[in-house]
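Peer 1: Show me how the following folds:
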Amino acid sequence: MMENPETDTAALRRLRRAQGQLTAVIAMLENGRDLREVVIQLAAASHALHRAGFKIISDRLRRCILAEQGATCADHITEEQLEKLFLGLA
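Peer 2: Here you go, the predicted model:
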């Protein structure tokens, strides 16, 4: 079940884009395509993955901030854990 359909949809769209780009990279390598084209496509896939990760983390962070204002937050996360999540995407 999606907790925030709008954010989850955006993250899923980015993940599917990255999946398609990775499929394209594999095909490009199998077909001996130019290195520059492969690297450009690989960079695009990496960027899409990072954007999806930041979207997911920022949404959960927003919900936890709202929880401090009276809503509920299922994600109990420390500042150190949050920092590690962000750095994992850097």
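
Peer 1: Give the buried residues for stretch 21-28.
Peer 2: Along stretch 21-28, these residues count as buried under the neighbour rule (16 or more other C-beta atoms under 10 Å): 21-22, 24-25, 28. C-betas here are computed from N, CA, C, even on glycine.

Peer 1: which residues sit against that stretch?
Peer 2: For stretch 21-28, contacts defined as C-beta atoms under 8 Å, 6 or more residues apart in numbering pick out 37-38, 41-42, 44-45, 48.

Peer 1: Average pLDDT for it, rounded please.
Peer 2: Confidence over stretch 21-28 (mean pLDDT, whole number) is 95.

Peer 1: Same check on stretch 31-46?
Peer 2: The model assigns stretch 31-46 a mean pLDDT of 94.

Peer 1: what's the distance between it and the middle of its chain?
Peer 2: 20 Å (C-alpha atoms, centre = their mean, to the nearest Å).

Peer 1: What is the lengthiest helix in the chain packed up against?
Peer 2: For the chain, the longest helix by residue count, based on DSSP state H, is helix 35-68. In this structure, helix 35-68 makes packing contacts with helix 5-30, helix 79-89, judged by 3 or more C-beta pairs under 8 Å, 6 or more residues apart in numbering; DSSP states H and E.

Peer 1: Name the residues of stretch 52-70 that are buried.
Peer 2: Using 16+ other C-beta under 10 Å as the test for burial, stretch 52-70 gives 52-53, 55-57, 59-61, 63-64.

Peer 1: quick one: pLDDT of Leu66?
Peer 2: Looking at Leu66, its pLDDT stands at 70.

Peer 1: Let me fix that, I meant to ask about Gly70.
Peer 2: According to the predicted model, the pLDDT of Gly70 comes to 62.

Peer 1: Noted, bye for now.
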